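Peer 1: Here you go, sequence then predicted model.
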Amino acid sequence: MSAAAGGAGGRAAIITGGGTGIGAATARRLARDGAAVVLAGRRYQPLAALAGELGDRALAVAADVGSAPDMVRVVAAARERFGPAGILVANAGGPGAGTAADVTDAAWADSLQVNLSTCLVSARACLPDLIATRGVIVVVSSIAGLAASPESVGYVTAKHGLIGLARSMARDFGPRGVRVNVVCPGWVRTPMADQEMDQLMRLRGLASRDAAYELATSQVPLRRPASADEVAAAIAFLAGQDASAVTGAVLTVDCGATAVDLPTTAYDLA
């Protein structure tokens with residue numbers, strides 16, 4: 001497979017949370033651009049199915065990417081099959097519901113673990129290879145890392161933390177040739193977002209999931225959610241040589257959601 005000009009071709013990319021949603025779309029995009037992809041996550045079946053679809057330049061590794069020993073194993077498997085990693089897409093994440101008044105200690109710890117610590121653990125395991133290859137980390141946060149969504153204290157806190165973590169790594173490892181950037185998606189059609197839309201359907205008595213997405217994005221300038229492929233395209237840009245001078249940056253892929261001054265939407269007659 002030929003590499004796209006300015007893309008990630010010829011590099012080995014480790015993608016955490018790589019079996020579904022944004023992770024799977026990113027794996028397909030990077031593979032199309034000529035990269036070898038290593039898919040890491042807890043559920044082996046979707047990882048293996050995607051690796052089978054992508055062929056010999058893909059490898060599935062079942063792992064808890066928040067576990068240091070597991071991530072050491074993922075990096076070793078990647079190195080043995082494809083050579084040292086040149087790209088890490090830190091995409092693993094999960095929910096984090098509740099308010100500061102009612103979140104339990106266990107739920108709080110779990111939110112930080114699945115959304116924030118997974119990135120640190122993955123990056124720490126990959127950094128020796130990334131330094132050797134002058135590689136790239138792309139961190140997948142959320143627009144919840146830029147503004148607070150309701151009753152999501154663990155998720156919001158962790159997603160804000162990812163931006164700080166990425167900037168810290170950009171500063172510390174930029175002198176050694178490693179670039180680190182953040183993608184902040186808004187609403188994206190993924191299995192996890194579909195579940196949230198199903199909850200919104202029940203809450204508002206809506207007739208369909210599409211109607212829930214329409215309501216959720218009714219004040220977004222493009223009036224729609226993004227697709228996983230659109231987020232993957234932004235990740236591929238940041239991972240590729242066309243972004244060679246970009247580090248410590250935060251790129252929103254939110255159909256304009258964060259450009260909106262929400263207190264003024266009551267005056268919007270469009």
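Peer 2: Here it is on my side, so go on.

Peer 1: low-confidence ranges in this protein?
Peer 2: Scanning the chain for pLDDT under 70 picks out 1-7, 269-270.

Peer 1: Show me it divided up by domain.
Peer 2: If you go by automatic domain parsing, the domain ranges for the chain are 12-186+227-250, 187-224.

Peer 1: Distance of residue 61 relative to residue 153?
Peer 2: According to Cβ to Cβ, to the nearest Å, residue 61 stands 32 Å off from residue 153. Placement of C-beta: from N, CA and C, glycine included.

Peer 1: Quick check on those two: which one has the bigger neighbour count.
Peer 2: Neighbours around residue 61 and residue 153, counted as other Cβ atoms under 10 Å, are more numerous at residue 61. The numbers are 24 against 21.

Peer 1: thought the more buried one was touching residue 74?
Peer 2: Yes - Residue 61 is within contact range of residue 74, at 4.9 Å (criterion: Cβ atoms under 8 Å).

Peer 1: Overlap in contacts, the two.
Peer 2: Counting by Cβ atoms under 8 Å, 6 or more residues apart in numbering, the common neighbours of residue 61 and residue 74 are 38, 40.

Peer 1: any idea how far the nearest residue to residue 219 once chain neighbours are set aside lies from residue 247?
Peer 2: Leaving aside its chain neighbours, residue 219 sits nearest to residue 265 (4.8 Å; criterion: Cβ to Cβ, 6 or more residues apart in numbering). Distance of residue 265 to residue 247, computed by Cβ to Cβ: 34 Å.

Peer 1: before we move on, what about residue 148?
Peer 2: Taking Cβ to Cβ, one finds residue 148 at 27 Å from residue 247.

Peer 1: Equivalent analysis for residue 22, please.
Peer 2: Here residue 22 is placed at a distance of 21 Å from residue 247 (Cβ to Cβ).
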